[in-house]
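Novice: Let me see the structure of the following:
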Amino acid sequence: MQHSPFKFLNAYEKADGERFFGREDEVEQLYQMTYQSSLMLVYGQSGSGKTSLIRCGLANRFDATDWFDIYIRRGDNINRALDQALRNASLDTVPAGTSPAEAVDALYSDRLRPIYLIFDQFEELLILGDRQEQQTFFQNIAALLTPASHCKIILVMREEFIARLYPWEKIIPTLFNKRLRLETMSRDNLLRVITGTVAAANISLQSGEATAEKILDYLSDPRSGVQLTYLQVYLDKLYREAQKQSATVTQFSNRLVEDTGRLDDVMADFLEEQRGEIEAALQADGFELPEEALQILLEQFITPEGTKQPMAKTALQKNLSFDTPLIDAALGQLEARRILRNTEEDVFELSHDALAGHIAQQRSPERLWLQEIVQLIKTRYAAYQQTGDLLTANELKRITPFRDRLSLTLEEREFLKKSYFRQFRNRLLYAAIGLVIVIVGLALLYTQFRLKDQEKQTMALGDAANAQRLVQRRNFSQAEILALKAYQRNRDTQNDRLHLQHIFEALDMTFWKQQRLEGHDGYVNAVSVSPDGRSFASGGEDGVIKIWQWRNGNDLANWRINQFQAGASIHSLAFDPHQGNVLAAGDNRGGVYLLRNRGEWQKLAVDTLASPGRDGGAANGQLLAFSPDIPYRLISAGRDGVVRFWKGNETDPYRLAGQETFTEAFHALAYGSRGRVVLGDQEGTVHFCRLDAEGRFQVQQRIKEPGRVNAIALKEDDRQQMQMFWAGNWGSLAYGEWPADAAPQRRGELSHGHFFYEDGDSLAGYVNTLALNTAGNLLASGGNDHSIQLWNIGEAEGNLQLTPRGFYLLQNPQDPRKHGWILSLGFLPGGNDLVAGSADHTVKAWILDPEALVQALKEQGGGN
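Specialist: The predicted model follows:
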């Protein structure tokens, strides 16, 4: 039987130049970059053909005298891998202690050709390497990037990890100067790949391009299009199916394509098919297979993040409880069936990252946790051998529940034992020291605090009494100031606190009627009000989305996101302003979902636009915003720096129409008319972008703030001039404007108070959320000071005006802990009623008397 002529999961090599199609433009771009810079970054989705682009496309673009390529994979340490690769390429013995820069200079003298160091699957360093390994690597690269160097460096990696490069820009400022994103291939180019590849294999297509179109239709995914890896696997499958009919394959017929069928997940089908055949073959050879033996073995070749990693046979024998003959036989079967490949003597890895993703999906949470713990111990033990640093108390706390089930070497177990002993010794020492300090300190502090408290209580009682008199006279703005001062001076005395609470309630009830809605089991991270104003949604860290009826607070529906993945939480919510029955939700792991009601909210239909990844916490929280002026347009942005543009129509579901990868982790997003998008990131930068019809983002302006940007709100007038507000971790509310025909500008800022924290608290000034009412004359801000501030917005001679100090709507002033944090806000469309989600696990709704509030805001000065 003839061997399949298709590449399957293998990359194209230089010898495959006549069979490499569809990437001519990208090859030329990268070729030109090699003359412009000594450092290039190539990134794209898994399976987009990054390795083939360089090994085949770029390699064939050079003459033999201008190209000496060395490919480096991390292995167990990228610096050792680089050293070994340079030694292997050298014609002479390289002395011990030779730096990479010295070794490259010597190699150039030997070869008299430019040296190209190509670091493939570079994300392995960022995922598996510790900080010392990473820092050493980037310092070595910086030393190679000198004008006199004869070396070019190409970093090749998956785009979802590109944000992890950002901290190393300090060592290599040119890290992102020359970068090439390998985008999804166009349909025309995919047709060229199919027709060219089968022709190079001396196989014809029965109906020419029409048959190629049929293949694409069977492979196309409405969200992600056609992945090149899946295309090669599909062509290979067609070849093997054709061989069942004739030993010599000369044509792919339309009937063959139809019989092979639509494989929605080619790789999953391939894995399941091969898994069954391998298990049957092993059992036929007399092996007794433990439960899920093959899955457990395959999991050794993936990282906790779901990417592939090489593994030596000796390491497998230590990590697994299987007999050595069974491991040898299974490895042989996996290699013969092209699932594994032997990269060097008895070191194996998966044939492609696409396989890693599907193996990771079958991994149980328990085995994932164990793998993470083992990886942590191995990484820290490697560092311990250099630095002598043992595991920290927090790391031991993670390890303890799994301590008796870990597969470790004797050296690693001794390292773990030493870490536990040091923790026990330190606890005894700290307890003894702490006891002495407490006894002495209490004696000194008691006298000091008693005198201070008496003074503060006297002043607070005077302010509280004056505030109560002002409330009775309906002088609310001055009463609020005095009440807040009184609370700040004396928040810890129970009687005085209750007295002040009555004053706060009198202020609140003057303008608002409040509802308190319970049912969440965790922080309420997001709220969104439906465009018809009849309902609103809330979601939080319990992974539950609740739909509430406005005013009466009835719980209409519940949907639990972590039915897909344990531990997932709701990060953001957004109602479609054009379709009141559509709600978008983003989770904390990269998942994006669309919820539609079918006449009533109890009947939900759920579409998954982006599947969640494995990371926990807020590793990849997704922000969401619909276009205000064009229906069926949605943007998502995440902590991974990826911004995605989704679009659909009345009949088709939303699909991915474009994406851009930034180096920043995003914490705030707003979507304005005419494709204007504003993003706020972890490092305090506000990005002002334009989005074109093709889904491409163009950054028009960046403004730097002193802290993380957590919230953005937009206001537009009839002339499509946009007023903007943003805030974050620096204690101020910034504002500016973006004219329709000019660049965005920052106009000023106002201080955001922090009345419910002691002076010097590092979290006191954080602003977490902003919301504008429909009329655009009232802005709400909420933060860690347990209050919502309301700002009156007006215009005087075309300039934006705000009240210099917002009116305080009090959330939970008697609780100085984080449970009173305001995390999310939303206004009722067409009105001034307000809903808020907070860290005390509740949702609160306020029904506003707008005339009384606006009058109070005017009394405080500023605005109209």
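Novice: Quick check: bridge partners of the residue nearest the centre of the chain?
Specialist: Within the chain, the residue whose C-alpha comes closest to the C-alpha centroid is Asn620; the distance, by CA atoms, centre = their mean, is 2.5 Å. When bridges are taken as DSSP bridges, the partners of Asn620 come out as Arg589.
Novice: residues touching it, list them.
Specialist: Going by CB atoms under 8 Å, 6 or more residues apart in numbering, Asn620 touches Asn588, Arg589, Gly590, Gly613, Gly638, Arg639, Asp640. C-betas here are computed from N, CA, C, even on glycine.
Novice: pLDDT weak spots in the stretch 151-300 of the chain?
Specialist: For the stretch 151-300 of the chain, applying pLDDT under 70 flags the ranges 221-225, 262-267.
Novice: In it, what residue spans correspond to strands?
Specialist: According to DSSP state E, counting those that start in this stretch, the stretch 151-300 of the chain carries its strands in the segments 151-158, 179-182, 204-205, 251-252.
Novice: now those in TSV, with mean neighbour count and distance to Phe122?
Specialist: Below are the strands of the stretch 151-300 of the chain laid out as TSV (neighbours: other CB atoms under 10 Å; distance: least, CB to CB, whole Å):
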stretch	mean neighbour count	distance to Phe122
strand 151-158	22	4
strand 179-182	18	12
strand 204-205	18	37
strand 251-252	20	37
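Novice: Pro829 and Asp130, how far apart?
Specialist: Using CB to CB, to the nearest Å, Pro829 is found at 51 Å from Asp130.
Novice: Which one's more surrounded, the two?
Specialist: Between Pro829 and Asp130, counted using other CB atoms under 10 Å, the more crowded position is Pro829 (17 against 14).
Novice: could you say which helix or strand contains that one?
Specialist: Element membership for Pro829 (DSSP states H and E) is empty, with no helix or strand holding it.
Novice: could you list every residue that touches it?
Specialist: The contact partners of Pro829, by CB under 8 Å, 6+ apart, come to Val529, Ser530, Pro531, Asp532, Gly533, Thr774.
Novice: And it, how close does it get to Gly782?
Specialist: Spatial separation of Pro829 from Gly782 under the definition CB to CB is 19 Å.
Novice: try Val686
Specialist: With CB to CB as the criterion, Val686 and Gly782 are 19 Å apart.
Novice: what's the answer for Arg73, then?
Specialist: Between Arg73 and Gly782 the distance, using CB to CB, works out to 48 Å.
Novice: Just want to know which of these two has more residues nearby.
Specialist: Between Arg73 and Gly782, counted using other CB under 10 Å, the more crowded position is Gly782 (29 against 19).
Novice: what lines up beside the helix or strand hosting the more buried one in the sheet?
Specialist: When elements are defined using DSSP H and E, Gly782 is found to belong to strand 778-783. Using DSSP bridges, strand 778-783 pairs in its sheet with strand 767-772 (antiparallel), strand 787-796 (antiparallel).
Novice: Just the mean pLDDT for the longest one, thanks.
Specialist: pLDDT averaged over strand 787-796 equals 74, rounded to a whole number.
Novice: What residues sit buried inside that strand?
Specialist: Neighbour counts using 16 or more other CB atoms under 10 Å place Ser787, Ile788, Gln789, Leu790, Trp791, Asn792, Ile793, Gly794 of strand 787-796 among the buried residues.
Novice: so which of those residues would you say is closest to Leu391?
Specialist: Lowest distance from Leu391 to those (CB to CB) belongs to Ser787, with 41.4 Å.
Novice: picking that back up, could the contacts of Asn620 be laid out in a markdown table, adding neighbour count?
Specialist: Shown next, in a markdown table, are these (neighbours: other CB atoms under 10 Å):
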| residue | neighbour count |
| --- | --- |
| Asn588 | 27 |
| Arg589 | 28 |
| Gly590 | 24 |
| Gly613 | 22 |
| Gly638 | 28 |
| Arg639 | 24 |
| Asp640 | 24 |
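Novice: ok, those residues vs Ser407, which is closest?
Specialist: In terms of CB to CB, no member of those lies closer to Ser407 than Gly613, at 25.3 Å.
Novice: sorry, back to before: would you format the contacts of Pro829 as JSON lines with pLDDT included?
Specialist: Below are these laid out as JSON lines (pLDDT from 0 to 100):
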{"residue": "Val529", "pLDDT": "92"}
{"residue": "Ser530", "pLDDT": "90"}
{"residue": "Pro531", "pLDDT": "89"}
{"residue": "Asp532", "pLDDT": "85"}
{"residue": "Gly533", "pLDDT": "84"}
{"residue": "Thr774", "pLDDT": "84"}
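Novice: quick one on the thing from earlier: so what's the gap between the strand holding Gly782 and the chain middle?
Specialist: Here strand 778-783 shows a centroid-to-chain-centroid distance of 26 Å under the convention CA atoms, centre = their mean, to the nearest Å.
Novice: Please shift the residue numbers so they start at 479 in all later answers.
Specialist: OK, 479 is where the count begins now, so the last one is strand 1256-1261.
Novice: List the buried residues of stretch 599-615.
Specialist: Neighbour-count burial for stretch 599-615, with 16+ other CB under 10 Å as criterion, is recorded at Gln599, Phe600, Glu601, Glu602, Leu603, Leu604, Ile605, Leu606, Gly607, Glu611, Gln612, Phe615.
Novice: same question, stretch 728-736
Specialist: Buried residues in stretch 728-736, counting neighbours by 16+ other CB under 10 Å, are found at Phe730, Ser731, Leu734, Val735.
Novice: before we move on, what about stretch 1138-1147?
Specialist: Of the residues in stretch 1138-1147, those buried under the neighbour-count criterion (16+ other CB under 10 Å) are Glu1138, Thr1139, Phe1140, Thr1141, Glu1142, Ala1143, Phe1144, His1145, Ala1146, Leu1147.
Novice: Then stretch 578-592?
Specialist: Neighbour counts using 16+ other CB under 10 Å place Pro578, Ala579, Ala581, Val582, Asp583, Ala584, Leu585, Tyr586, Arg591, Pro592 of stretch 578-592 among the buried residues.
Novice: Next, count neighbours for the nearest residue to Arg1174 once chain neighbours are set aside.
Specialist: In space, not counting the residues next to it along the chain, Arg1174 is nearest to Gly1136; the distance is 6.0 Å by CB to CB, 6 or more residues apart in numbering. The local packing of Gly1136 (other CB under 10 Å) involves 19 other residues.
Novice: Quick one: classify Gly1136 as helix, strand or coil.
Specialist: Following DSSP: H, G, I helix; E, B strand; the rest coil, we place Gly1136 in the strand state.
Novice: Am I right that it is in contact with Val1155?
Specialist: No - applying CB atoms under 8 Å as the test, Gly1136 and Val1155 come out as separate, 11.8 Å apart.
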